[in-house]
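**Q** Got a predicted model here, sequence first, then my questions.
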Amino acid sequence: MMGAFAAVASAALWAFASTRYAQASRAVGSARVNLTRSSTVLPVFLVATLVTTRGHVFAGVDGAHAAWLGLSVLCAYAFADNVFFAAARRVGITTALAIASSYPLWAAVAGAAWRGERFGLGRAAGTMLCVGGVIALLVLAP
């Protein structure tokens, strides 16, 4: 129950915050917005992690997993967010959010094609709900 609530709250917060980030990126640039965002959230994340893990933050984490995590964070902040904000400046935040929200479709395809994950009725329904929401945003956007 709390996981679903956290997922919805996270999506709502990102939708709200990304409009503000897009506005700020018009004035100061995407790189500065991302640097400010990441440097602001890093200490909060580290404190929350230390508190919730009682100091056992890296228990069971090997070098390969840490490297993949670091690479994914770098790609997310340094590349993907800059592309997103550039798109938001060009096509508008609503359309950019709708396009970015098609991620569940690509994740489902990648999981089924490369990892052999089952794509049953539940996943198909969830994916279609996500895609339907994206289509609704695109159609209803001004």
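**A** Received it, and whenever you're ready, just let me know what you need. Residues are numbered from 1 along each chain as shown.
**Q** for residue 29, what are its contacts?
**A** If you count contacts by C-beta atoms under 8 Å, 6 or more residues apart in numbering, residue 29 has none. For glycine as for every other residue, the C-beta is placed from the backbone atoms N, C-alpha and C.
**Q** Could you check how far it is from residue 97?
**A** Distance, residue 29 to residue 97, by C-beta to C-beta, to the nearest Å: 20 Å.
**Q** Check which helices and strands the longest helix seen in the chain sits against.
**A** Assignment by DSSP state H gives helix 2-28 as the longest helix of the chain. Where contact means 3 or more C-beta pairs under 8 Å, 6 or more residues apart in numbering; DSSP states H and E, helix 2-28 is packed against helix 30-53, helix 81-91, helix 93-100.
**Q** How far does the longest one sit from its chain's centre?
**A** Meaning helix 30-53. 15 Å (C-alpha atoms, centre = their mean, to the nearest Å).
**Q** Using PDB, write out every CA atom in the next helix or strand after it.
**A** Downstream of helix 30-53, the first helix or strand assigned by DSSP states H and E is helix 63-74. This file holds the C-alpha atoms of helix 63-74, laid out as PDB (Å, rounded to 0.1, in the frame of the first residue of the first chain):
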ATOM      1  CA  GLY A  63      32.200  -2.500  -6.900                       C
ATOM      2  CA  ALA A  64      30.400  -3.500 -10.000                       C
ATOM      3  CA  HIS A  65      27.000  -2.600  -8.600                       C
ATOM      4  CA  ALA A  66      28.300   0.700  -7.300                       C
ATOM      5  CA  ALA A  67      29.800   1.500 -10.700                       C
ATOM      6  CA  TRP A  68      26.500   0.800 -12.500                       C
ATOM      7  CA  LEU A  69      24.700   2.900 -10.000                       C
ATOM      8  CA  GLY A  70      27.200   5.800 -10.500                       C
ATOM      9  CA  LEU A  71      26.900   5.500 -14.300                       C
ATOM     10  CA  SER A  72      23.100   5.500 -14.100                       C
ATOM     11  CA  VAL A  73      23.000   8.600 -11.900                       C
ATOM     12  CA  LEU A  74      25.500  10.400 -14.200                       C
END
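**Q** Perfect, I'm done here.
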